[in-house]
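*Asks:* how would this look folded up:
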Amino acid sequence: MNALVSVIIPTYNRRDDIFRALESVFEQEYRPVEIIIVDDCSTDGTIERLAEVEFSVPVQVIRLPINQGAGAARNIAMAAATGKYIAFLDSDDHWLPNKLAREIPILENRSQNTVLFSEAYIRRKYDIVIRPRRANRMGEALQEYLFVHGEQIALCSVVLSAQLAREVGFKAIRVHEDWDFFFRLESRGSQFVLDPKPLCIVEDANPVGRASAPQPAISLDWLESWQDRISPASYLGMRARIAPLLRKERPIVGLRFILEAWVKNAIGFWTLSALIGRLVHPGLRTIAYWLHGRHQRYKRSVI
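*Replies:* Predicted coordinates:
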């Protein structure tokens, strides 16, 4: 029964990191049927390094002649996949050994419209946190869960039906293609289900070189495209989270975005503190997170 999962890994100039990601797949207690790597026109010798290695799991490597972005790369991989389920993994992240063994039995006992995601360790520059902090509630829109309450769904934690993944697909956009994918899944009736155990590690200490590197103008354009389809609070919450990226070009506009979201209850006080800190200086984000962490530990100690 192990021939159920196709692992999808897009990569771009991750010659060294991709082998850690691959090793985490090889170490799975539940063996996938295949790994499909789509190289998005790397220039650092990724393809050559992959060609030198013999793998313990069937690995198909597809090289794109021009750079098309992570979303397009995932679509190409999904079209080639033969497994019943698709499991996503970015080439700079990795899984814990029991991820697939824990999650496939859950999916086998749920409807095909289920999108299963787990908690993830987020390795930031100065600390490691577990996200999301809670499951999405019954009737809670995904955009509220993410943009108002500040939860996270790591794409490397997501497993779903291959048929469902192909039917919805990723848009050929350069930022937020994961959120866009999630929202369109939800709009067609998919149910997002949290497995409340950290099963993957997201490397978020250094955004340089990531496919999702910050591009505030494109992020704001993407958000505008969804404005009529998400709640006002979700729109304001997401816009406030983009605001610190405007630090160099439009800091006053960024501050206005953050304050408006707070005044209209789209973000809380600690998010306000963190976002203003990031707007003033990126290093102040760490102080805000540290203060937030102390606050949360105090709350738990007195409850």
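*Asks:* okay, and the beta partners of residue 122?
*Replies:* In this structure, residue 122 bridges to residue 129, residue 202 when assessed by DSSP bridges.
*Asks:* pretty sure it sits against residue 200.
*Replies:* No - with contact defined as Cβ atoms under 8 Å, residue 122 does not count as touching residue 200 (9.8 Å). (Glycine included, C-beta is placed from N, CA and C.)
*Asks:* who has more neighbours out of these two?
*Replies:* More neighbours surround residue 200 than the other of residue 122 and residue 200, with 25 against 19 (other Cβ atoms under 10 Å).
*Asks:* which SSE is that one in?
*Replies:* Counting by DSSP states H and E, the element that carries residue 200 is strand 191-203.
*Asks:* got it, and residue 183?
*Replies:* helix 177-187.
*Asks:* report the angle between that helix and strand 191-203.
*Replies:* Orientation check (axes from the mean of the first three to the mean of the last three Cα atoms, to 10 degrees): helix 177-187 against strand 191-203 gives 170 degrees.
*Asks:* can you tell me which helices and strands helix 177-187 packs against?
*Replies:* Using 3 or more Cβ pairs under 8 Å, 6 or more residues apart in numbering; DSSP states H and E, the elements in contact with helix 177-187 are helix 70-80, helix 142-143, helix 162-168, strand 191-203, helix 216-226.
*Asks:* ok, and for that helix, which residues are buried?
*Replies:* Using 16 or more other Cβ atoms under 10 Å as the test for burial, helix 177-187 gives 177-186.
*Asks:* now these as JSON lines including distance to residue 171?
*Replies:* Shown next, in JSON lines, are the buried residues of helix 177-187 (distance: Cβ to Cβ, whole Å):
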{"residue": "177", "distance to residue 171": "6"}
{"residue": "178", "distance to residue 171": "11"}
{"residue": "179", "distance to residue 171": "11"}
{"residue": "180", "distance to residue 171": "5"}
{"residue": "181", "distance to residue 171": "8"}
{"residue": "182", "distance to residue 171": "12"}
{"residue": "183", "distance to residue 171": "11"}
{"residue": "184", "distance to residue 171": "8"}
{"residue": "185", "distance to residue 171": "12"}
{"residue": "186", "distance to residue 171": "15"}
